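Visitor: return a 3D structure for these sequence lines:
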Amino acid sequence: MARLILFAVLVAAVVVAALTLLAALRPGPAAADTTLPRRVDTMPRSFRTISYTLLLVLMVGITTGWIGGL
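Guide: Numbering: from 1, shown residues only. From the prediction side, this is the model:
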């Protein structure tokens, strides 16, 4: 079992190294493309607050064992 975990870690390390190498070799943005258009937030503030609250409750419930505890 330990060999399987070590193999998975090795594969993950190779993937991270390959992605880092590809990101380093990719050319950067041109000087004219540095100004990005401003994003408009169309989600209502109350919906966003409720979503974050429910996400926090879900994370606390899972970590304490209230939800999905085995």
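Visitor: where is the longest helix in the protein?
Guide: Determined from DSSP state H, the single longest helix within the chain is helix 2-25.
Visitor: centre of the chain to it, how far?
Guide: From the chain centre to the centre of helix 2-25 is a distance of 17 Å (CA atoms, centre = their mean, to the nearest Å).
Visitor: same question for stretch 52-61.
Guide: With CA atoms, centre = their mean as the basis, stretch 52-61 stands 17 Å off its chain's centre.
Visitor: pLDDT on the longest helix of the chain, on average?
Guide: Mean pLDDT, helix 2-25: 91.
Visitor: and for stretch 42-50?
Guide: Here the average pLDDT along stretch 42-50 is 89.
Visitor: ok, then the element right after the longest helix of the chain?
Guide: helix 45-64 (DSSP states H and E).
Visitor: with just CA atoms, put that next one into CSV.
Guide: Once non-C-alpha atoms are left out, helix 45-64 reads as follows in CSV (Å, rounded to 0.1, in the frame of the first residue of the first chain):
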residue,chain,number,x,y,z
ARG,A,45,-25.3,40.4,-2.3
SER,A,46,-27.8,38.5,-0.2
PHE,A,47,-27.5,35.4,-2.4
ARG,A,48,-23.7,35.5,-2.1
THR,A,49,-23.9,35.8,1.7
ILE,A,50,-26.3,32.9,2.0
SER,A,51,-24.1,30.8,-0.3
TYR,A,52,-21.0,31.5,1.8
THR,A,53,-22.8,30.8,5.0
LEU,A,54,-24.1,27.4,3.7
LEU,A,55,-20.7,26.5,2.5
LEU,A,56,-19.2,27.2,5.9
VAL,A,57,-21.9,25.1,7.6
LEU,A,58,-21.2,22.3,5.1
MET,A,59,-17.5,22.4,5.8
VAL,A,60,-17.9,22.5,9.5
GLY,A,61,-20.5,19.6,9.3
ILE,A,62,-18.2,17.4,7.3
THR,A,63,-15.1,18.1,9.4
THR,A,64,-16.9,17.4,12.7
